[in-house]
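Asks: structure of the sequence below:
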Amino acid sequence: MIESIAGTLARRARETPNNIAFRFLLDGESEVAEWNYAKLDRAARTIAALLGDGMAGERALLLYPPGPDYVAAFFGCMYAGVIPVPAYPPDPSRLARTLPRLRSIITDCGAVVALTIDALRETAESLLSDVLTDQRQPLRWIATDTADVSGAAGQPDNVRPADVAFLQYTSGSTSAPRGVMVTHGNLLHNMGDLERRSRVENFSAISWLPPYHDMGLIGGVLCPIYMGEEVTLLSPLDFLQRPVRWLDAITRYRSTGSAAPIFAYDLCVRKITPEQRSRLDLSSWKVTFNGAEPIDPGALDRFVQAFGPCGFRRETFLTCYGLAESTLIATGIHPEDPPTVRSFKASSLGRGRLEIAGPNSDARSLVSAGRPINGQRIEIVDPETLRRRGPGEIGEIWLSGPSIARGYWNRSRETATSFDAFIADDNSGPYFRSGDLGAVMDGELFVTGRLKDLIIFAGENHYPQDIERTVETSHSAVRPGASAAFAVDIEGRERLVVVCETEAPASPREAEEIRTAIRRKVLEEHSLPPHAVVLLKRGGIPRTSSGKIQRYVCREGFLANSLETHD
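Replies: I've put the predicted structure just below:
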């Protein structure tokens with residue numbers, strides 16, 4: 001028997017009931033709701049009572065806006081022995097994109113109950129009224145903020161390390177979302193490493209990340225409770241509307257830790273004005289986890305240049321690599337070390353190797369994702385022959401260790417394919433096949449891209465993020481961070497397609513000028529002639545819940561002629 005994260009909350013409610021568990025900035029700025037451990041524990045026990053007896057092992061869908069109610073519901077499920085399934089509430093303005101994913105999650109996990117707030121219940125229940133449970137019954141809906149209940153449930157004490165703690169549905173950047181079975185043992189191991197990397201004097205955290213995603217849920221909510229430290233939360237929408245709110249909160253609460261994908265740092269550089277910067281004090285900030293995509297070293301440089309005068313240090317960046325199937329973090333650099341950036345020959349990357357670039361060679365810079373966390377193992381493997389690749393050779397990243405999840409919920413075939421891989425050289429395993437490409441040099445992992453996103457043209461490997469960076473510098477009308485490059489098969493040949501969000505062209509002639517500039521730049525820098533260049537409206541690029549561009553969805557939209565274009 002182990003102490004689960006729910007058991008940790010119950011213990012903190014007994015030992016330090018008045019300590020702040022989290023504060024939530026209701027308006028993103030000054031309107032604050034503070035919950036101590038005692039209040040969170042009481043709310044969780046009340047929700048466990050609402051779920052009732054005999055629910056252990058069942059799945060409960062959580063449909064909440066970011067906020068205290070969501071956190072209470074997550075722990076309430078755990079107190080009742082129910083497996084929580086976090087999900088984004090349906091977005092009325094984007095139902096064609098968000099509703100199918102939500103339906104897929106409900107059907108896949110076999111949820112029998114949906115927890116939400118009263119303000120969302122009627123709309124969500126109406127949209128999902130035809131989705132049936134495993135028992136062929138409609139979902140049972142509970143609005144936890146208005147439900148009437150007397151008494152409170154206890155907290156289960158028979159948790160085992162291999163028991164499923166929650167289902168983390170993958171973001172769906174390369175396929176339909178799958179429910180990763182994160183166990184209590186996985187959680188404790190991963191959070192133990194996060195604690196070691198985050199342990200600084202007077203630790204406190206800030207998070208605006210979606211709490212339905214692994215980085216926002218584990219890093220932003222669960223780990224601070226595991227550590228017994230306070231966290232300040234705000235909504236992702238509040239951050240996106242005014243990025244300065246994130247850094248204002250760090251300044252106000254003297255926070256020492258945070259995390260964000262790379263696009264967020266560039267968004268701050270672009271959107272935060274010099275006047276807003278003048279009031280920031282980021283000197284308390286000691287560690288910020290940075291991962292989710294191959295990291296653009298230019299984005300790190302731009303952030304340091306913009307916010308160094310505010311007290312931000314380059315050593316604050318903790319570059320890492322992780323994914324839902326490894327609970328959260330898989331590798332990371334050592335705290336207080338600046339990110340390692342190396343320049344490699346672009347031509348060698350195309351041939352599947354890392355070779356240090358000389359002073360006059362065509363170079364591409366990569367940022368190290370560090371070394372495996374304690375107890376984890378990493379191998380670089382040829383995805384076709386399943387044999388090990390040597391130092392500096394690019395292959396698929398394989399992982400094993402205590403943070404690797406049990407598999408995918410109700411998907412035995414996919415679990416066997418992805419989680420039960422063995423290396424052909426010596427039949428060692430099992431390993432989890434990440435689907436990501438990378439190489440190890442001097443013990444550090446350098447992530448180069450996604451295996452399924454790789455574009456092969458005339459025998460050369462091309463990484464879509466490289467082409468996308470070129471697209472974004474080709475014309476001033478192209479919006480930063482909103483391009484996708486992918487391959488399609490046309491008449492038996494692989495062709496390059498580029499889609500990108502742009503400002504609305506004033507005329508068909510201007511639209512053609514933008515396309516011509518993109519074609520010319522991509523051809524010059526990558527020797528690739530784009531078969532098609534598609535200009536999209538603002539917000540037209542499909543993204544995952546964590547902000548990653550869904551290249552495969554872009555590809556399907558292109559083939560179906562369903563993308564939101566300016567035409």
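Asks: can you list the weak-confidence ranges in this protein?
Replies: Along the chain, the parts satisfying pLDDT under 70 run over 1-2, 97, 133-136, 149-157, 171-176, 200, 292-293, 458-459, 491-492, 545-546.
Asks: surely residue 439 and residue 449 touch.
Replies: No: the criterion here is CB atoms under 8 Å, and residue 439 misses it with residue 449 at 11.3 Å. Glycine gets a C-beta too; all of them are placed from N, C-alpha and C.
Asks: helix, strand, or coil at the spatially closest residue to residue 558 that is not a sequence neighbour?
Replies: In space, and not counting its chain neighbours, residue 558 is closest to residue 497: 5.7 Å by CB to CB, 6 or more residues apart in numbering. Put simply, residue 497 is strand when judged by DSSP: H, G, I helix; E, B strand; the rest coil.
Asks: residue 497 contacts residue 522, doesn't it?
Replies: No: Residue 497 lies out of contact with residue 522 (CB under 8 Å); the separation is 11.0 Å.
Asks: where does the residue lying closest to residue 254 once chain neighbours are set aside land in three-state SS?
Replies: Leaving aside its sequence neighbours, residue 254 sits nearest to residue 284 (CB to CB, 6+ apart; 4.3 Å). With three-state DSSP as the basis, residue 284 sits in coil.
Asks: hmm, residue 284 is touching residue 252, no?
Replies: No: applying CB under 8 Å as the test, residue 284 and residue 252 come out as separate, 10.3 Å apart.
Asks: list residues touching both of the two?
Replies: Here residue 284 and residue 252 share no contacting residue, scored by CB atoms under 8 Å, 6 or more residues apart in numbering.
Asks: common neighbours of residue 497 and residue 522, please.
Replies: Contacts common to residue 497 and residue 522, judged by CB under 8 Å, 6+ apart, are residue 530.
Asks: the two - which one has more neighbours?
Replies: The residue with more neighbours, out of residue 497 and residue 522, is residue 522; 23 against 20, by other CB atoms under 10 Å.
Asks: and the more buried one, that's in a strand?
Replies: No: per three-state DSSP, residue 522 lies outside any strand segment and is helix.
Asks: the helices in the stretch 151-300 of the chain, which residues?
Replies: Applying DSSP state H, counting those that start in this stretch to the stretch 151-300 of the chain gives helices spanning 184-198, 214, 223-227, 236-241, 244-253, 262-271, 274-277, 297-307.
Asks: most packed of those?
Replies: Ranked by mean neighbour count, those are led by helix 214 with a mean of 28 (mean count of other CB atoms under 10 Å).
Asks: which helices and strands does it pack with?
Replies: With contacts defined as 3 or more CB pairs under 8 Å, 6 or more residues apart in numbering; DSSP states H and E, helix 214 has no helix or strand neighbours.
Asks: neighbour count for residue 439 and residue 449, which is higher?
Replies: When residue 439 and residue 449 are compared for neighbours, residue 439 comes out ahead with 24 against 21, by other CB under 10 Å.
Asks: mind telling me what element that one is part of?
Replies: Residue 439 belongs to strand 428-441 when elements are defined using DSSP states H and E.
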